[in-house]
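In: quick one: sequence and predicted model below, then my questions.
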Amino acid sequence: MSAAQKLGPSSAKLRLDDKDIDLPIFIGSEGEKAIDVTKLRAETGYVTLDSGYMDTGACTSAITFLDGELGILKYRGYPIEEIAEKSSFLESSYLVFYGKLPSESEYKAFVQRIASFDDIPEGIKQQIKCFPKTAHPMAVLSANLVSLSAWNEDLCTQDLNKDQKDTAIAQLMGQIKVMAAYAYRHSQGKDFIKSDKSLDYCSDFVYMMTGDKNVKKEVAKALDVLLILHVDHEQNCSTSSVRMVGSSKANIFATISAGVDALWGPLHGGANQAVLEMLQEIKDSGKGYEAFLAEVKDKNSGSRLMGFGHRVYKNFDPRAKIIKVACDSVLQTLGVQDPLLDIAKGLEAVALKDEYFVARKLYPNVDFYSGIIYRALGIPTNMFTVMFAMGRLPGWMAQWKEMVEQPGFKICRPRQIYTGDTHNHYVAIKDRK
Ligand code: ACO
């Protein structure tokens, strides 16, 4: 069911420079309220100032809804809990990109089309081999993605038609898996392994990484759920980067590569790797939780409790809840005992009772436990953020498609308030002090 977004019955009144201005109210289909300021500057000369976009809605979107206070996340109106339990990564990718659950034949065609992109150009394979073995796989992935534009000029035209968009999502979902696995193989000094179309998406990825075709059902299923949980998360940093870059009509490969770059940062997707490194450090140093948390709470230390806190979730992150349960079950099924899981649980329990975290509404986010599952599944630490990128790709594609198809589409170009010098005059270099 979808309720149409609508302009509210009343407008907001703003009194500025002794003048009353009416600003339309916009109400979303889940009741979110916004003041529409698109005419503010033209009518008043003022712009809004909102560093970090804390209170700015950059777009309207019908893809993902999240309520940070209640801990709700829905893809196209479907609760994440239902999708994670009943759907698959490829089906939820179809859902966010096309806006509806596929019929059987649509789903089959989508899966087959993705599987048909089971290889990457020879030049990209050579490019991967040119990277130092120590290169972070996110660097390799970002470079590979933007390089794909050189081999796909037909998809680099300014406005893609429906067929080209269908090709772009299938091609990128097929090839990101190959590029990610090959980046890993190269870092290990190992030869590339050809994709096997008879395997499901996640099993094929693990096969290309490890060479083992007998991927356990539980491993493939756990990976699939993790990818589902990452599919989309409305206007986060990487998705906003995708919209920003795509709004200049940069080609789709450059646009998605920008999303990978933004995701890499430790305050965003890079947190999953940072969490594991943090847990390992706590273990190696023998520091107690209290000592570590004291360090985190000291603003001069520069350290944070990685995997905790979220710009929007101020109660709990529903993805973290699902992952925590999955984590216990995966480790039990695989018979893995990981001391880092005990440390994570201990740390969480202490932090959730600590006044510092309670007052700031800081809870475990999606990255707190995901790394422990990846580790149990045999995915190396520096591949964690790559896994996130694979999961988020369909969301980026859906957000880009929605943006370019929206009536009134415009390049994204925020304003600023200049605070620098105002009246300098040029002085020749020899005369400068
Ligand atoms: N550890 C310690 N203190 C924290 C943490 C943390 N993880 N997160 C926030 N705080 C504190 C801040 O120091 C600040 O305290 P103050 O009010 O005394 O100055 C307050 O909580 C608010 O923090 P902000 O940084 O202003 O919150 P913001 O919404 O800008 O940041 C973010 C959200 C980046 C996720 C932050 O919580 C963080 O750095 N977390 C750790 C990194 C992380 O896990 N990132 C993954 C996020 S999920 C995702 O992107 C997939």
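Out: Great, that's in hand.

In: residues contacting the closest residue to the ligand within the stretch 101-250 of the chain?
Out: Among residues of the stretch 101-250 of the chain, the one nearest the ligand by C-beta to the nearest ligand atom turns out to be residue 236. It sits 5.9 Å away. Using the backbone N, CA and C atoms, a C-beta is placed for each residue, glycine as well. The neighbours of residue 236, taking C-beta atoms under 8 Å, 6 or more residues apart in numbering as the test, are 268, 311.

In: got the phi/psi numbers for it?
Out: Summarising the backbone geometry of residue 236 under the convention degrees, to the nearest 10, its torsions are phi -70, psi 180.

In: how close does it get to residue 67?
Out: Residue 236 sits 15 Å away from residue 67 when distances are taken as C-beta to C-beta, to the nearest Å.

In: same check on residue 137?
Out: Counting by C-beta to C-beta, the gap between residue 137 and residue 67 amounts to 34 Å.

In: those two - which one has more neighbours?
Out: Applying other C-beta atoms under 10 Å to residue 137 and residue 67 shows that residue 137 carries more neighbours, namely 26 against 16.

In: quick one: residues contacting residue 234.
Out: By C-beta under 8 Å, 6+ apart, the neighbours of residue 234 are 61, 63, 64, 65, 66.

In: and residue 419, how many neighbours does it have?
Out: The burial metric for residue 419, expressed as a neighbour count using other C-beta under 10 Å, is 6.

In: repeat that for residue 18.
Out: Applying the criterion other C-beta under 10 Å, we find 5 residues in the vicinity of residue 18.

In: give me the phi and psi for it.
Out: Main-chain dihedrals, residue 18, degrees, to the nearest 10: phi 60, psi 20.

In: residue contacts, it?
Out: Residues in contact with residue 18, defined by C-beta under 8 Å, 6+ apart, are absent; none qualify.

In: closest one of the contacts of residue 234 to the ligand?
Out: Of all the contacts of residue 234, residue 66 has the smallest distance to the ligand: 11.9 Å, by C-beta to the nearest ligand atom.

In: please name the bridge partners of that closest one.
Out: Listed beta-bridge partners, residue 66: residue 73 (assigned using DSSP bridges).

In: ok so residue 400 is a helix residue?
Out: Yes. The assignment for residue 400 by DSSP: H, G, I helix; E, B strand; the rest coil puts it in a helix.

In: ok, it touching residue 243?
Out: Yes. Contact criterion C-beta atoms under 8 Å: residue 400 and residue 243 qualify, at 6.9 Å.

In: look up how far residue 246 lies from residue 80.
Out: Taking C-beta to C-beta as the measure, residue 80 and residue 246 are separated by 25 Å.

In: kindly report the same for residue 42.
Out: Taking C-beta to C-beta, one finds residue 42 at 26 Å from residue 246.

In: now for this protein, the helix or strand with the poorest mean pLDDT.
Out: The least trusted helix or strand in the chain, going by mean pLDDT, DSSP states H and E, turns out to be strand 6-16, with a mean of 80.

In: pull the residues that contact the next helix or strand after that strand.
Out: Using DSSP states H and E, the helix or strand that follows strand 6-16 towards the C-terminus is strand 19-27. Outside strand 19-27, the residues that touch it by C-beta under 8 Å, 6+ apart are 5-8, 10-15, 33-37, 39-40, 43-44, 60.

In: for the residue of the chain found nearest the ligand, grab the count of nearby residues.
Out: Distance from the ligand to each residue of the chain (C-beta to the nearest ligand atom) is smallest for residue 309, at 2.2 Å. The local packing of residue 309 (other C-beta under 10 Å) involves 20 other residues.
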